[in-house]
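**Q** Kindly return the folded structure for what I paste below:
(one chain, ligands or ions: 1)
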Amino acid sequence: MQRDEGRTAPRIAVYPGSFDPVTNGHLDIVWRAAALFDEVRVAVLDNTGKTPLLPVEERVQLIEESVHAWPRVRVDHFSGLLVEYLSLCGASIVVRGVRDASDLSAEWQMAALNRDLRQSTETVFLPSHLEFSHVSSSRVREIAALGGDVSRFVPEHVAARLRIK
Ligand code: PNS
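**A** Here you go, the predicted structure:
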């Protein structure tokens, strides 16, 4: 087994996702990951096969506005395979938040696939806080589309953006 005594390279964790839109649950994961790693790179998937509510530039901007004062956090976007983006960043660690057992089952499979595609990939699961365990971007989109109040689930500037949408 390799030890990391004398390690000098910064430990970069990539937190990938659709973030359509970013929620308070996502931001809690970013905050907690930033306490564990030298740098957290929030990587927004630019998936041309899916039509998101918000274009990728806007999703990136909303996250940047949320984390601008947080040390060790950067926001970026990527398309294609996550493992290729990891290679580009010189990163091996993927962070994912897990809300419940069904999340874990899907995340477990994704972690195994990513490790299969690139052996150095390690996925770190962070259990979401109970207060966020029922919050998802898709439910936030649905509530907002039906005129409901999403201000408890997302930062105020995100809620304002959704109201305009
Ligand atoms: O927020 P999401 O939609 O649950 O995030 C899913 C995401 C972006 C992490 C995942 O779909 C992904 O990594 N997509 C990139 C394509 C890829 O690498 N697929 C193979 C691994 S499953």
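**Q** hey, let's count contacts and neighbours off CA atoms from now on
**A** Will do.
**Q** The top helix by length along the chain near the ligand anywhere?
**A** If you go by DSSP state H, the chain has its longest helix at helix 101-117. Yes - using Cα under 6 Å from any ligand atom, we find that helix 101-117 touches the ligand at Met110, Leu113, Asn114.
**Q** Tell me which residues touch the residue nearest to Val98 when sequence neighbours are not counted, please.
**A** With Cα to Cα, 6 or more residues apart in numbering as the criterion, Val98 has its nearest non-adjacent residue at 4.8 Å, and that residue is Pro127. With contacts defined as Cα atoms under 8 Å, 6 or more residues apart in numbering, the neighbours of Pro127 are Gly97, Val98, Arg99.
**Q** Among those, the buried ones, what's the PyMOL command?
**A** To isolate the buried subset of the contacts of Pro127 in PyMOL, counting by 16 or more other Cα atoms under 10 Å, use the following:
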select buried, resi 97+98+99
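**Q** Out of the contacts of Pro127, list just those in strands.
**A** Among the contacts of Pro127, the ones falling in strands (DSSP state E) are Gly97, Val98.
**Q** re earlier: list the buried residues in the longest helix of the chain.
**A** Of all the residues in helix 101-117, those buried under the rule 16+ other Cα under 10 Å are Leu104, Glu107, Ala111, Asn114, Arg115.
**Q** again, but for stretch 47-58
**A** Leu54, Val56.
**Q** So which bits of the protein are right by the ligand?
**A** Residues of the chain lying near the ligand (Cα under 6 Å from any ligand atom): Pro16, Gly17, Ser18, Phe19, Leu45, Gly80, Leu81, Leu82, Met110, Leu113, Asn114.
**Q** Mind telling me what element Val158 is part of?
**A** helix 156-164 (DSSP states H and E).
**Q** Strands of the chain, start to end?
**A** 12-17, 39-45, 73-78, 93-98, 122-127.
**Q** can you put those in TSV and add mean pLDDT and distance to Pro155?
**A** Shown next, in TSV, are the strands of the chain (pLDDT from 0 to 100; distance: least, Cα to Cα, whole Å):
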stretch	mean pLDDT	distance to Pro155
strand 12-17	98	17
strand 39-45	98	16
strand 73-78	98	16
strand 93-98	98	18
strand 122-127	98	20
